[in-house]
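only geometry, no sequence info:
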């Protein structure tokens, strides 16, 4: 019943958006279908232990149907010129299996912004996306504090940029190790030389869990898992306009609860830290993302990532706590075990506009991961994609895109099945180290 009501509400809002200028409507969708050189459903190539979920995405997002619908409307105005605006966003996704599926709807955003109540600043309260822009080539939000809370935005700092301050609370029911008070301070728009600016951002996680996490305690009466460590995150971003696009150099450091490789914060999961992580857990990451259009008919996306993570956690005897993080196993006596992981990735997506409505794009990517004391050798994956594409106009951001893709991937034995299950095996059942997928994909935003 709840699903039907939510769908009815979304449909009503969409109808209003089409007929009333007072409602703004935005959205995103993707849908794909395909197969492999071995038959069966299309699969996604990826490495275990990669620093955030997924992989380079062109021709590598198989078999899903996902959409988001966002609406906003002014719900209150004051005689002094103040304005209150309501924002909401619904999302749902289903496997590409049947023509009719049951849908679970997620209310991703549900908040109000107020303008004109504190001078030129804006305040907000409720549940919202609170994150940096997407690195499109990998569909990754490299700073994601999304959750429910309160904040003040666009505090003017004269000629040296602006300040945003937010408080967010986000936890999973019953999982005290992901309960924390999150504070976010963002100083952006710091002017440098022509076309360049600097951003500095910090996040702090203060634990808010139970003193004794009984539901995570050893069955034999052993000690409970410590879930009371704080954490922090620091980031500097240097942005440079260039060639009708931009380049972003991003340097990040995460510590304590923010650094745990199982932390949903770390794994692009909406700002939930993991307070089980030891206070000396640490992750350093550097990213360089480029999106340029040197000519009207040619552009490209590119990304380079290097990350080094050191993790440790408490766990009950016999559990596989760190193994779940791709970082090792817990000893039989329940002691925490530390391990070190390095991850490197590089990918580029060139796009040639042959006509106003037809483009030929491709993607070449390589990545490797290695966990000290766990892997005997590094896992490696190389991916190649070609995708003839129809779209409304030229430009690397033109959408919708209707793509026909072929993807070939090659990996080493250490990478196992590279996320593909038992699809690519020889006649004797031995795992192959290469494979091909093909299909169609539609992507749009508006």
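Happy to help now that I have it. Nothing here was measured: the structure is a model prediction, and the numbers come from that model. Numbers count the residues shown, from 1 in each chain.

what about the residue of the chain most remote from its centre, distance to residue 404?
Most distant from the centre of the chain: residue 79, at 40.9 Å, with distances by C-alpha atoms, centre = their mean. Per C-beta to C-beta, to the nearest Å, residue 79 is found 57 Å from residue 404. Backbone N, C-alpha and C define where each C-beta goes, glycine included.

for this protein, which segments count as helices?
Remark: helices assigned in the chain by DSSP state H are 2-19, 321-324.

mean pLDDT lowest where, among those?
Ranked by mean pLDDT, the helices of the chain end with helix 321-324 at the bottom, a mean of 39.

residue ranges in the stretch 251-400 of the chain under the pLDDT threshold?
260-272, 276, 311-339, 373-376 (pLDDT under 70).

tell me where it has strands.
Using DSSP state E, counting those that start in this stretch, the strands found in the stretch 251-400 of the chain span residues 282-295, 298-311, 339-353, 358-371, 379-390.

would you map the strands across the stretch 1-150 of the chain?
23-36, 64-77, 83-95, 106-118, 121-128, 134-135, 140-141, 147-156.

including mean neighbour count, distance to residue 432 and mean pLDDT, could the ones you listed go into TSV?
Below are the strands of the stretch 1-150 of the chain laid out as TSV (neighbours: other C-beta atoms under 10 Å; distance: least, C-beta to C-beta, whole Å; pLDDT from 0 to 100):
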stretch	mean neighbour count	distance to residue 432	mean pLDDT
strand 23-36	17	11	96
strand 64-77	16	24	95
strand 83-95	17	25	94
strand 106-118	16	37	96
strand 121-128	18	45	97
strand 134-135	16	30	90
strand 140-141	18	28	86
strand 147-156	17	42	95
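
tell me the bridge partners for residue 134.
Here residue 134 sits in beta bridges with residue 141, as judged by DSSP bridges.

touching, it and residue 144? I think so.
No. Residue 134 is beyond contact range of residue 144, at 10.1 Å (criterion: C-beta atoms under 8 Å).

give me the common contacts of those two.
Listed as contacting both residue 134 and residue 144 by C-beta atoms under 8 Å, 6 or more residues apart in numbering is no residue at all.

excluding its backbone neighbours, what's nearest residue 78?
Closest residue to residue 78 apart from its sequence neighbours, by C-beta to C-beta, 6 or more residues apart in numbering: residue 116 at 7.0 Å.

against residue 440, how distant is that neighbour?
Going from residue 116 to residue 440 by C-beta to C-beta gives 48 Å.

same question for residue 23.
In this view, residue 23 and residue 440 are 33 Å apart by C-beta to C-beta.

likewise residue 257?
42 Å.

equivalent analysis for residue 433, please.
Between residue 433 and residue 440 the distance is 27 Å, computed by C-beta to C-beta.

the two - which one has more neighbours?
residue 433 (18 against 14; other C-beta atoms under 10 Å).

could you list every residue that touches the closest residue to the more buried one other than its chain neighbours?
In space, and not counting its chain neighbours, residue 433 is closest to residue 411: 5.4 Å by C-beta to C-beta, 6+ apart. Residue 411 makes contact with 45, 47, 379, 380, 381, 382, 418, 433, 434, according to C-beta under 8 Å, 6+ apart.

what's across from the last one in the sheet?
Yep, that's residue 434 we're talking about. Beta bridges link residue 434 to residue 410, judged by DSSP bridges.

what does the pLDDT read for it?
Listed pLDDT for residue 434 reads 97.

I figured it hits residue 424, correct?
Yes. Counting by C-beta under 8 Å, residue 434 touches residue 424, with 7.2 Å between them.

tell me which of those two has more neighbours.
Remark: of residue 434 and residue 424, residue 424 carries more neighbours, 21 against 12, as counted by other C-beta under 10 Å.

was I right about the more buried one contacting residue 431?
Yes. Using C-beta under 8 Å, residue 424 is in contact with residue 431, at 7.1 Å.
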